[in-house]
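> model this:
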Amino acid sequence: MRTRAQRLRRLALSLFLIFFALPSLVLTLAYWSAEIPDPDSVQTNQIATILTSDGQGVIAKVVPPEGNRIPVPLRDVPEPVRLAVLSAEDRNFYTNPGYSTSAFVRAARDNFLGREDAGGGSTITQQYVKNAFLSSERTLSRKMRELIISAKMARQWSKDDILAAYLNTIYYGRGAYGISAAAKAYFGKPVPELTLAEGAVLAAVVRAPSTLDPETHLEPLRARWAYVLDGMIEMGKLTRDERAATVFPGILPITELDDSIPRGPEGLIRAQVLRELRSSGVSEQEINTGALQIITTIDARAQQSALNSVGNIMGGQPGELRTAVVSVDPRTGAVRAYYGGPDGIGFDFAQAPLQTGSAFKTFAVLAALEQGIPLSYRLDSAPITVNGEKISNVQDESCGTCPLSEAFKRSLNTSFYRLSQALFEGPEAIAKAAHQAGIPEQIPGVAGRTLTEDGGPPLPAIVLGAYSVRPIDMASAYGTLAASGAYRAPYFVQKVVTGDGRVLLDRDADPQRTEQRIQTTIADSVTQAMLPIAGYSNGHDLAGRPSAAKTGTTQLGETGYNKDAWMVGFTPSLSTAVWVGTEQSQPIRTARGSAIYGSGLPADIWKQTMDGALDGAPVEQFPNPVPIAGSAPADPNYDILNPGPGPQQEPVVIIPPAPEPRQVEIFPGLSIPVPG
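The predicted structure follows:
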């Protein structure tokens, strides 16, 4: 039978194992398993810079979600500033083991009691470990991990390394992470120029940045500032005379701070650059910590020309008007100029699906040439009756029965409606030609396939631009024609280099894929047909160089008012799409009350953008196309829709079924039947 002494010994042993031996073993294992990185290998958040194509102009900056942390060597931090931080946060920093036992016991007690302020009173080492390696949850287990890592870090890192890491990591308020950002946010100066008084302010706000901000809590900040200076006296690092001579410094108003979120048009370029980086495999960590230099395709001259053109032409126009301008290099796919709107965090109209009007007729011409119908093919431009409804041109314009090239130049809707009926596969052939040129079959964020009627074949109205396309895609698709049928997907990023010189992306070394989607002679023939259009559209020929272009205008339902206006055109080296409309599909009118057409404001912007971007560049000529093999005879009297007497090949006529068609006016003076 066990004696009382034996029972007590067994109880003591059990208590020793439970409360000392096992916890010590667990702590020892946790200590040895904790991995502490080398001080030089710890990455901190750093700004990525987005540059123009020459690598000189700054378009925008990408500030990481937790702010910019530009590392500052400890030797560049003035000694009074360092001492002020120690006074505020850890006066025994250089002598303690990296953790505070009393703080740990206090945290355990407060967590057990459920107090809101549990976990306070950590050393600088613990604060750095919590910010750099752990979460901010207030639990005993997290506090234990913090203590273990801090203890091991204090043995492996020098105190100066820990202090430098802390100063470059901690949050100082005002969106400033790290002392470099804080010095600029509060005083507008670099760290080496900070004074004792200014350093004491930064040291003071670390404890509670939101409740010690000088804009809203100046007096509590002054009190904390005084506490920091008084602590330096207690530490023997500041004399009373020096303390008395130190005056609370002036602090920048928060309204004078540099806004890291671009609010101008460049913000929309920034968004496209980030999207492309992520899709190219550049990780969020690399974006946030790599101090990236992102060289874009944006040409400084072309971009400024686009911005100037928008400002010159749209200035003084009604406030509800919006515009988009996109310029693409046909030979590479590089986006040279990009304007999607004035607000960098607002809606991007360059990415908006919009009805293109007659600018889409270009793809009908492409489809016709691919089917062997030549530009000399004659079309009747008289009014046409479909399902009992009469269709006519704007102001009853007509060229009689004239070649396709003439109907294209004049943008005669009745002629092109007849053309859509004459094509094999009809409207679907036009959609296929547009996809060949570069109009995507799907738009990111938009459900369903483009250029279809609820997923089915498109209606004849496709020839008149009834389906929605983005400005960037119109610039790209027209660029395919400029490149003699070679398609290159549009892109924004040319090269990405990290702060330490590593190349993450280089289009020169890995160029965009080129696809010869359209027969060269056919693409060049479409271009030749477009050469007279800019001049025909109210005299918008480019200065001293040939160009191919097409205008487009769409109507607001059955109101008789216009809602979208386009000018899209190119030279061999630059393709530009311009759209003018509104955010809420309102009637578009000039400041004088006139209706806006593609040959008006959009053509003005297009010409100014192109002329400015190409100023001083060599004048390039378009290639002369050779005759298209297998094309129909170029007989000026030949009309496939009205062939005359004698045996003829019956044309394919595609008219969608419409038992009870309703008429939709999609262009001023032109109504077409739409089923359902």
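> so where's the stretch 101-250 of the chain uncertain?
Flagging of the stretch 101-250 of the chain using pLDDT under 70 yields the residue ranges 101-121, 132-150.
> the helices in it, which residues?
101-113, 124-133, 140-156, 159-167, 179-187, 196-205, 218-234, 240-245 (DSSP state H, counting those that start in this stretch).
> possible to save those helices as TSV with mean neighbour count?
C-beta coordinates here come from the backbone N, C-alpha and C atoms, glycine included. Shown next, in TSV, are these (neighbours: other Cβ atoms under 10 Å):
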stretch	mean neighbour count
helix 101-113	15
helix 124-133	22
helix 140-156	19
helix 159-167	21
helix 179-187	24
helix 196-205	25
helix 218-234	17
helix 240-245	11
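> mind checking which of these is nearest residue 268?
Between residue 268 and the helices of the stretch 101-250 of the chain, the tightest spacing by Cβ to Cβ is seen for helix 179-187, at 25.1 Å.
> can you list contacts of that closest one?
Helix 179-187 has contacts (Cβ atoms under 8 Å, 6 or more residues apart in numbering) with 67-72, 77, 81, 167-168, 170, 172-176, 189-191, 193-194, 198, 201-202, 214, 249, 251-252, 257-258.
> quick check: PyMOL command selecting the buried ones in these.
Applying 16 or more other Cβ atoms under 10 Å to these, the buried members can be selected in PyMOL as follows:
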select buried, resi 67+68+69+70+71+72+77+81+167+168+170+172+173+174+175+176+191+194+198+201+202+214+249+251
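> state the three-state secondary structure for residue 576.
strand (DSSP: H, G, I helix; E, B strand; the rest coil).
> contact partners for the residue nearest to it when sequence neighbours are not counted?
Nearest in space to residue 576, with sequence neighbours left out and distances taken as Cβ to Cβ, 6 or more residues apart in numbering, is residue 327 at 4.4 Å. Shown in contact with residue 327 (Cβ under 8 Å, 6+ apart): 302, 306, 335-338, 475, 574-576, 609-610, 613.
> mind redoing it with 7 Å?
By Cβ atoms under 7 Å, 6 or more residues apart in numbering, the contact set of residue 327 is 302, 306, 336-337, 475, 574-576, 609, 613.
> let's verify it: helix, strand, or coil?
Following three-state DSSP, residue 327 is assigned to strand.
> bridging residues for it?
Beta-bridge pairing for residue 327 (DSSP bridges): residue 337, residue 576.
> how near is it to residue 55?
Distance of residue 327 to residue 55, computed by Cβ to Cβ, to the nearest Å: 19 Å.
> low pLDDT regions in this protein?
Within the chain, the segments meeting pLDDT under 70 span 1-2, 6, 12-45, 65-69, 99-121, 132-150, 255-261, 388-390, 627-676.
> most centrally placed residue in it?
Ranked by distance to the mean C-alpha position of the chain (Cα atoms, centre = their mean), the top residue is residue 271 at 1.5 Å.
> which helix or strand contains that one?
Using DSSP states H and E, residue 271 sits within helix 266-279.
> output the contacting helices and strands for that helix.
On a contact count with 3 or more Cβ pairs under 7 Å, 6 or more residues apart in numbering; DSSP states H and E, helix 266-279 meets strand 58-62, strand 493-497.
> residue contacts, the nearest residue to residue 297 once chain neighbours are set aside?
Excluding the flanking residues, the one nearest residue 297 by Cβ to Cβ, 6+ apart is residue 334, at 3.5 Å. Residue 334 is in contact with 297, 328, 491, 494, counting by Cβ under 7 Å, 6+ apart.
> now do residue 7
By Cβ under 7 Å, 6+ apart, the contact set of residue 7 is empty.
> picking up where we left off before, how close does the residue nearest to residue 576 sit to residue 569?
Distance from residue 327 to residue 569, by Cβ to Cβ: 11 Å.
> could you name every residue contacting both of those two?
The overlap between the contact sets of residue 327 and residue 569 (Cβ under 7 Å, 6+ apart) consists of residue 576.
> that older thread, select from the contacts of residue 334 the one having the most neighbours.
residue 328 (33 neighbours; other Cβ atoms under 10 Å).
> neighbours of the nearest residue to residue 588 once chain neighbours are set aside, how many?
In this structure, residue 588 finds its nearest non-sequential neighbour in residue 596, 4.3 Å apart by Cβ to Cβ, 6+ apart. The tally of other residues near residue 596 (other Cβ under 10 Å) stands at 23.
> over to the one 5 residues further on?
A total of 22 residues lie near residue 601 under the criterion other Cβ under 10 Å.
> going forward, the N-terminal residue is numbered 15.
Okay, using 15 as the starting number, the last item reads as residue 615.
> give me every residue that touches the closest residue to it other than its chain neighbours.
Spatial nearest neighbour of residue 615, chain neighbours left out: residue 594 (5.1 Å); criterion: Cβ to Cβ, 6+ apart. By Cβ under 7 Å, 6+ apart, the residues touching residue 594 are 335, 337, 579, 602, 610, 615-616.
> quick check on the residue lying closest to residue 497 once chain neighbours are set aside: phi, psi?
Distances taken as Cβ to Cβ, 6+ apart put residue 344 closest to residue 497, at 4.1 Å, once the chain neighbours are dropped. Dihedral pair for residue 344: phi -60, psi -20, per degrees, to the nearest 10.
> what distance do you get for residue 380 to residue 489?
16 Å.
> likewise residue 563?
The gap separating residue 563 from residue 489 is 12 Å, by Cβ to Cβ.
> please apply the same query to residue 410.
For residue 410 relative to residue 489 (Cβ to Cβ), the value is 33 Å.
> more neighbours: which of these two?
Neighbour count, other Cβ under 10 Å: between residue 410 and residue 489, residue 489 has more, with 30 against 10.
> which two of the contacts of residue 348 have the greatest separation?
Of all pairs in these, the most separated under Cβ to Cβ is 342 and 508 at 13.6 Å.
> next up, the contacts around the closest residue in space to residue 330 that isn't next to it in sequence.
Distances taken as Cβ to Cβ, 6+ apart place residue 605 nearest to residue 330, at 5.6 Å, with adjacent residues excluded. Each residue near residue 605 by Cβ under 7 Å, 6+ apart is listed here: 330-332.
> shouldn't residue 605 be within a strand?
No. Checked against three-state DSSP, residue 605 lies outside a strand; its state is coil.
> any idea how far residue 415 is from it?
For residue 605 relative to residue 415 (Cβ to Cβ), the value is 41 Å.
> likewise for residue 568?
Distance from residue 568 to residue 415, counting by Cβ to Cβ: 27 Å.
> what about those two, which has more around it?
Of the pair residue 568 and residue 415, residue 568 is the one with more neighbours under other Cβ under 10 Å, namely 27 against 17.
> ok, the more buried one touching residue 577?
Yes. If you go by Cβ atoms under 7 Å, residue 568 and residue 577 touch, sitting 5.9 Å apart.
> contacting residues for residue 510?
Applying Cβ under 7 Å, 6+ apart, we find residue 510 in contact with 291, 296, 306, 308, 518-519.
> and residue 427, which of the helices of the stretch 115-264 of the chain is closest to it?
With Cβ to Cβ, the closest approach to residue 427 among those belongs to helix 193-201: 58.8 Å.
> alpha carbons of that closest one, as PDB, please.
Extracted in PDB, the C-alpha atoms of helix 193-201 (Å, rounded to 0.1, in the frame of the first residue of the first chain):
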ATOM      1  CA  ILE A 193      10.500  55.100 -42.200                       C
ATOM      2  CA  SER A 194      11.300  56.300 -45.800                       C
ATOM      3  CA  ALA A 195       7.600  56.600 -46.700                       C
ATOM      4  CA  ALA A 196       6.900  58.100 -43.200                       C
ATOM      5  CA  ALA A 197       9.500  60.800 -43.600                       C
ATOM      6  CA  LYS A 198       7.900  61.900 -46.900                       C
ATOM      7  CA  ALA A 199       4.400  61.600 -45.600                       C
ATOM      8  CA  TYR A 200       4.900  63.800 -42.500                       C
ATOM      9  CA  PHE A 201       7.800  66.100 -43.500                       C
END
